[in-house]
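**Student:** can you look at this prediction? I've put the sequence above it.
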Amino acid sequence: MVKKIQLALDRMTKKECIYYIDETKDFIDYIEIGTGVIKEYGMNIVKEIRETYPSIKIIADMKTCDAGKSETEQAINSGANISTVMGFSNINTIKETLDAANTLGGEMLIDLLGISSKEQVTSIYDIGARKFCMHIGKDMQSKGEQLFTSMFDLVDDLTDVTVFAAGGINEVNIKNLKGLPIDTFIVGSGIASADNPRKAAENIKKIVSEF
Ligand SMILES: O=C(CO)[C@H](O)[C@H](O)COP(=O)(O)O
C-alpha cells in the first residue's frame, strides 16, 4: 500500500500555516491543524483552511480527552475529515467521539501518546476504532525519546487498522522507520524547521515511496 505523508502544522501563525501548505501540497496527503494552532485561532482556522483547500484531507488535532461528542462535532462541522481523541480518555469519550464522527461522515484517529497497554488498545479497537497514532510527544522528544520498533506491538494483531506515526520524524531519521507497519507518517518540525520545507517534503515523499 502507498505510504502517506501528513503535514503537521504546530506552533505557527495562520500565515505560516498557509505558507507551509502551499510549499508542500504537491507531496503531502493530509494537513494536520495542530492543537496549539486550534487553541490560538479556534475552529475558524479549520473552516478557513477547508475553504482555501476544498479537496485536501484535513485532520483537526483536537486531542479530545472529554466531551467527545461536542468536540468532534466542532471539528467535523468545521470541515475536518478526521478528529483526534486521546487513547487514555475514558472509553465512553472514545465511543462518543466515534459515534459523532460516524454520524457526520468523518473519522476518528486515536492518539496513543503515553499508552503502553495492549489491553487498553484492544478495548478501544473493540468499540470500533480503526485508526491509531503511535506518538512520541514534544516533551518526550526533548528528553531524547523517539519512535521505537516494539511500540508497534500495540497494534500488531489488530486487523483492518490504519497506523499513523508521529514524533520528530524528519528526512534523515525516517529511514529508520522502514519496515514498520506505518501507513501515514506525520511530519511537523521535520518540514517546518527545514532550510527548504518544499524540498524536505519532496524528499520524505520519495523516501517513503521506496519503503
Ligand atoms: O501532535 C503533535 C504534537 O503533540 C505533532 O503534530 C506531532 O508530534 C508531529 O510533530 P513533530 O514532527 O514536530 O514531532
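**Tutor:** Structure received.

**Student:** which residues sit in contact with residue 118?
**Tutor:** Shown in contact with residue 118 (Cβ atoms under 8 Å, 6 or more residues apart in numbering): 153, 154. No exception for glycine: its C-beta is placed from N, CA and C like everyone else's.

**Student:** ok, residue 32 next?
**Tutor:** Applying Cβ under 8 Å, 6+ apart, we find residue 32 in contact with 6, 7, 8, 9, 58, 59, 61, 186, 188.

**Student:** looking at this, the second one is in a strand?
**Tutor:** Yes: with DSSP: H, G, I helix; E, B strand; the rest coil as the criterion, residue 7 is assigned to a strand.

**Student:** isn't it up against residue 22?
**Tutor:** No: between residue 7 and residue 22 there is no contact under Cβ atoms under 8 Å: 11.0 Å.

**Student:** between the two, who's got more neighbours?
**Tutor:** residue 7 (28 against 13; other Cβ atoms under 10 Å).

**Student:** just the contacts of residue 32 that are near the ligand?
**Tutor:** 8, 61, 186, 188 (Cβ under 6 Å from any ligand atom).

**Student:** that older thread, which one of the contacts of residue 32 sits closest to residue 138?
**Tutor:** Minimum distance to residue 138 across these is 8.9 Å, recorded for residue 188 (Cβ to Cβ).

**Student:** give me the neighbour count for the closest one.
**Tutor:** 24.

**Student:** how about it, what does it touch?
**Tutor:** Going by Cβ under 8 Å, 6+ apart, residue 188 touches 7, 8, 9, 10, 32, 34, 166.

**Student:** need the helices for the protein, in chain order.
**Tutor:** Along the chain, counting by DSSP state H, helices occupy 14-24, 35-41, 44-52, 68-77, 91-103, 118-126, 138-141, 189-192, 197-209.

**Student:** in the first one, what's buried?
**Tutor:** Neighbour counts over helix 14-24 (16 or more other Cβ atoms under 10 Å) mark 17, 18, 20, 21, 23, 24 as buried.

**Student:** could you do the third one as well?
**Tutor:** Buried positions in helix 44-52, judged by neighbour count with 16+ other Cβ under 10 Å: 45, 46, 48, 49, 50.
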